[in-house]
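Engineer: Everything below, folded, please.
(2 chains)
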Amino acid sequence: EAGVAQSPRYKIIEKRQSVAFWCNPISGHATLYWYQQILGQGPKLLIQFQNNGVVDDSQLPKDRFSAERLKGVDSTLKIQPAKLEDSAVYLCASSLSQGAHNSPLHFGNGTRLTVT
Amino acid sequence: AQSVAQPEDQVNVAEGNPLTVKCTYSVSGNPYLFWYVQYPNRGLQFLLKYITGDNLVKGSYGFEAEFNKSQTSFHLKKPSALVSDSALYFCAVRDRPGSARQLTFGSGTQLTVLP
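Structural biologist: Coordinates of the predicted model:
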């Protein structure tokens, strides 16, 4: 099966600019996640979708971050305006269903964002 | 709140020797535990999971992990390390299935297998 696709792989922007990341999950996966991985840390969940609805966005900085999954398939994550501390790898993951314990997360290769 | 601790930032082991990557957890209910591996410039790959049943769980690439409830640990092991096992390893926990509770990751352990 094709894996989780993310683009772009790398992005360099200046602070206060905006940026958008795209993710296409594995076909048939209802649940989609966006994680932020800062260098030297484990991934931190930003937002979780079940189909096109938001399940958990408690750790999403909503004043600058937004995400959507309008048709319940692919998703975009946007940052506007970016800050230096947003420099990180943004990982998209998908799974068959929300809480099934036999449904591990499948991750994309991530987008490495550098904010200067 | 649930949490995961990986006490070692770095583990070095000689090729052919056994390896252990340590993980301890804290949850309010029954733990559901996972190990993921991350190679450079790649996303995380699932290795194995413990949900219920046997305390020794076998996973991909010859890895296994032992669940120890009394010590709240889920250490990753492999009897004979390969140079290709060198990567970043993450332990993760969720306290029950079927819920929206997020998967919490540890900070990662860099494993280096020396030839």
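
Engineer: Can you list the low-confidence ranges for the chain?
Structural biologist: Looking at chain A here, since you left the chain open. Filtered on pLDDT under 70, chain A yields the residue ranges A:1, A:98-102.

Engineer: wrong one, chain B
Structural biologist: Applying pLDDT under 70 to chain B flags residues B:96-101.

Engineer: Go again with 80.
Structural biologist: B:1, B:95-102 (pLDDT under 80).

Engineer: That one: strands as residue ranges?
Structural biologist: Ranges of strands within chain B are B:3-5, B:10-14, B:19-21, B:24-26, B:32-38, B:44-50, B:56-58, B:64-68, B:73-78, B:87-94, B:104-105, B:109-114, based on DSSP state E.

Engineer: is it possible to export the ones you listed to JSON lines including mean neighbour count and distance to chain A?
Structural biologist: Quick note: C-beta positions are derived from backbone N, CA and C, even for glycine. As requested, the strands of chain B are exported to JSON lines (neighbours: other C-beta atoms under 10 Å in any protein chain shown; distance: least, C-beta to the nearest C-beta, whole Å):
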{"stretch": "strand B:3-5", "mean neighbour count": "16", "distance to chain A": "8"}
{"stretch": "strand B:10-14", "mean neighbour count": "14", "distance to chain A": "11"}
{"stretch": "strand B:19-21", "mean neighbour count": "20", "distance to chain A": "13"}
{"stretch": "strand B:24-26", "mean neighbour count": "18", "distance to chain A": "13"}
{"stretch": "strand B:32-38", "mean neighbour count": "24", "distance to chain A": "5"}
{"stretch": "strand B:44-50", "mean neighbour count": "21", "distance to chain A": "4"}
{"stretch": "strand B:56-58", "mean neighbour count": "14", "distance to chain A": "12"}
{"stretch": "strand B:64-68", "mean neighbour count": "18", "distance to chain A": "14"}
{"stretch": "strand B:73-78", "mean neighbour count": "20", "distance to chain A": "14"}
{"stretch": "strand B:87-94", "mean neighbour count": "23", "distance to chain A": "5"}
{"stretch": "strand B:104-105", "mean neighbour count": "22", "distance to chain A": "3"}
{"stretch": "strand B:109-114", "mean neighbour count": "17", "distance to chain A": "10"}
